[in-house]
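Colleague: I would like the atomic coordinates for the input below:
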Amino acid sequence: MSISFPSVVTPSFPQLRPAPAPELPEFARQRVERFHNERVQAGWGGRHILRGLRPGADALHLQSNDYLALARHPDIVEAQHAALDAAGNGAMMSSLFMQQDDDPLHLLERELALALGSEETILCQSGYVANVGLVQSLAGERTPVYIDMLAHTSLWEGIRAAGAQAVPVYHNDPEYLERQVLRHGPGIVLVDSVYSTNGSLCPLTEFAAITQRHGCIFVVDESHSLGTHGVHGEGLVASLGLGDRVHFVTASLAKAYCSRAGLISCSRRFKPYFAFESLPAIFSSALLPQELASIDAAHRVIQREGWRRARLQHVTRRVRESLLELGYPIREGSEQIIALEVGSEAAVMRVRDQFEAENVFGAIFCAPATAKNRALLRLTLHAGLDDAAVARLVDACARLRDKVGLDEWSATRRERRHAAKPELLAGVA
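Modeller: A predicted model of the protein is given here:
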């Protein structure tokens with residue numbers, strides 16, 4: 001039942017005069033000033049690195065993680081409206097207190113578990129909360145945590161929150177991982193199935209064999225493959241039949257699912273343990289009713305409308321093939337995320353400006369999202385791109401090919417080194 005309020009005149013409130021902010025102590029002030037002096041002024045020429053042109057009505061938007069073009073899907077929007085009408089914003093409390101089996105939160109978690117082929121799932125406030133909380137609840141101070149150098153920052157933060165030992169692993173290098181495990185002993189292995197900075201696929205089967213052979217916990221972040229990969233969008237772990245060798249799948253649902261939430265697949269016995277051990281999850285409010293409704297509706301659309309995954313795959317294949325023919329250094333990736341790795345932050349700003357002049361709007365990734373001097377312009381493809389839009393993108397890349405200094409990009413230089421010494425390909429990091 002909806003509640004109607006009487007029409008009232010909104011009173012005007014007095015405006016408080018802003019008080020001058022207190023001066024920061026010297027140790028903090030130096031850090032702030034270093035950012036403004038060394039990055040904004042010296043590195044970015046006084047501009048903000050993320051502020052480019054304002055997109056026009058006919059711009060190609062390649063910044064969003066809405067891979068399946070679901071943000072305005074009528075079924076999802078209507079589900080959120082209905083949930084707000086029925087429950088408002090729900091009970092504002094931690095999900096720790098929601099222990100009834102028939103709570104909408106747990107009903108949805110069981111539905112998602114069935115789709116992923118896991119015993120249970122846990123819904124968190126974000127993918128960041130899921131990753132930090134999971135690693136923090138698993139690792140101890142003496143636990144070696146083997147992490148791919150390109151893995152999500154939230155996984156690295158989980159290691160730090162646990163006070164555990166981080167053991168970096170060369171990107172997508174199973175042999176290097178095994179050497180490190182033999183050196184440091186059994187621990188936790190953290191990878192992404194699809195990496196967010198270059199669109200590369202993790203060799204999950206090889207990693208799973210190593211973790212099983214040496215008694216490690218295997219955690220796979222499927223943020224960029226859940227919904228987009230697999231026959232029904234179940235992700236790479238399930239579609240490759242690795243559910244019995246991967247202990248935990250995590251994901252941000254703010255990608256293909258278009259929902260502000262995170263997910264962990266786990267065993268039934270682990271779920272109540274996590275509820276009492278994961279500090280980020282315990283001390284955050286539970287997901288709102290409209291967020292649960294959005295996830296549920298998106299899940300049904302993802303399973304039902306398989307044409308969206310097919311379209312995304314078609315667009316990805318066509319764009320990648322065209323850019324490779326044009327000489328763009330994108331061989332390290334294969335999926336819907338295309339990384340134009342330029343190098344310095346100043347250089348990537350110039351490349352961004354040239355793409356935006358062609359009405360193509362990507363997203364700059366720089367430190368701390370990338371290593372220093374490996375800044376990139378990320379073009380994120382999605383199922384909503386029609387053939388005309390794909391042609392516009394390829395044509396723009398063709399026109400820019402000789403203007404953006406491809407030969408000087410850090411990715412181009414790395415490809416030249418690999419061509420000279422193919423054995424280096426295994427240790428790309």
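
Colleague: Tell me how many other residues crowd the closest residue to Ser285 other than its chain neighbours.
Modeller: Leaving aside its chain neighbours, Ser285 sits nearest to Met92 (5.6 Å; criterion: CB to CB, 6 or more residues apart in numbering). (C-beta placed from N, C-alpha, C; glycine too.) By other CB atoms under 10 Å, 8 other residues sit near Met92.

Colleague: Low-confidence ranges, this protein, go.
Modeller: 1-11, 97, 422-429 (pLDDT under 70).

Colleague: Pop the domain breakdown of it in here.
Modeller: For the chain, automatic domain parsing gives the domain ranges 44-68+307-427, 74-304.

Colleague: can you give me the strands in the stretch 201-350 of the chain?
Modeller: Using DSSP state E, counting those that start in this stretch, the strands of the stretch 201-350 of the chain run over 217-221, 248-252, 262-266, 337-343.

Colleague: Now for Leu236: which residues touch it?
Modeller: 193-194, 201, 204, 220, 222, 225, 229-230 (CB atoms under 8 Å, 6 or more residues apart in numbering).

Colleague: For Leu114, see how far away it is.
Modeller: 18 Å (CB to CB, to the nearest Å).

Colleague: cool, and Leu381?
Modeller: Leu381 is 29 Å from Leu114, by CB to CB.

Colleague: next one: Arg309
Modeller: 19 Å.

Colleague: swap in Lys372?
Modeller: Taking CB to CB, one finds Lys372 at 44 Å from Leu114.

Colleague: repeat for His48
Modeller: In terms of CB to CB, His48 sits 45 Å off from Leu114.

Colleague: The residue nearest the centre of the chain: what's its closest spatial neighbour, skipping adjacent residues?
Modeller: In the chain, the C-alpha nearest the mean C-alpha coordinate belongs to Ser223, at 5.2 Å (CA atoms, centre = their mean). Once flanking residues are discounted, Ser223 sits nearest to Ser252: 4.2 Å by CB to CB, 6+ apart.

Colleague: Check whether the one you found really touches Ser126, as I assumed.
Modeller: Yes - taking CB atoms under 8 Å as the definition, Ser252 is a contact partner of Ser126 at 6.5 Å.

Colleague: Quickly list what's touching both of these two.
Modeller: With CB under 8 Å, 6+ apart, Ser252 and Ser126 have common neighbours 261-262.

Colleague: All the helices of the stretch 251-400 of the chain, residue numbers only.
Modeller: 270-277, 279-282, 289-304, 307-325, 345-357, 387-400 (DSSP state H, counting those that start in this stretch).

Colleague: which parts of the shortest one are buried?
Modeller: Looking back up the chat, that one is helix 279-282. By neighbour count on 16 or more other CB atoms under 10 Å, the buried set for helix 279-282 is 280-281.

Colleague: Now do that helix: which elements does it pack against?
Modeller: strand 120-124, helix 127-138, helix 270-277 (3 or more CB pairs under 8 Å, 6 or more residues apart in numbering; DSSP states H and E).

Colleague: Quick one: these as JSON lines, columns for mean neighbour count too.
Modeller: Shown next, in JSON lines, are the helices and strands packed on helix 279-282 (neighbours: other CB atoms under 10 Å):
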{"stretch": "strand 120-124", "mean neighbour count": "24"}
{"stretch": "helix 127-138", "mean neighbour count": "26"}
{"stretch": "helix 270-277", "mean neighbour count": "16"}
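
Colleague: Any idea which of those gets closest to Ala389?
Modeller: helix 127-138 (27.9 Å; CB to CB).

Colleague: and the helix or strand just after the closest one, which strands flank it?
Modeller: Where DSSP states H and E defines the elements, the next helix or strand beyond helix 127-138 is strand 144-148. Strand 144-148 sits in its sheet next to strand 165-169 (parallel), strand 188-192 (parallel), going by DSSP bridges.
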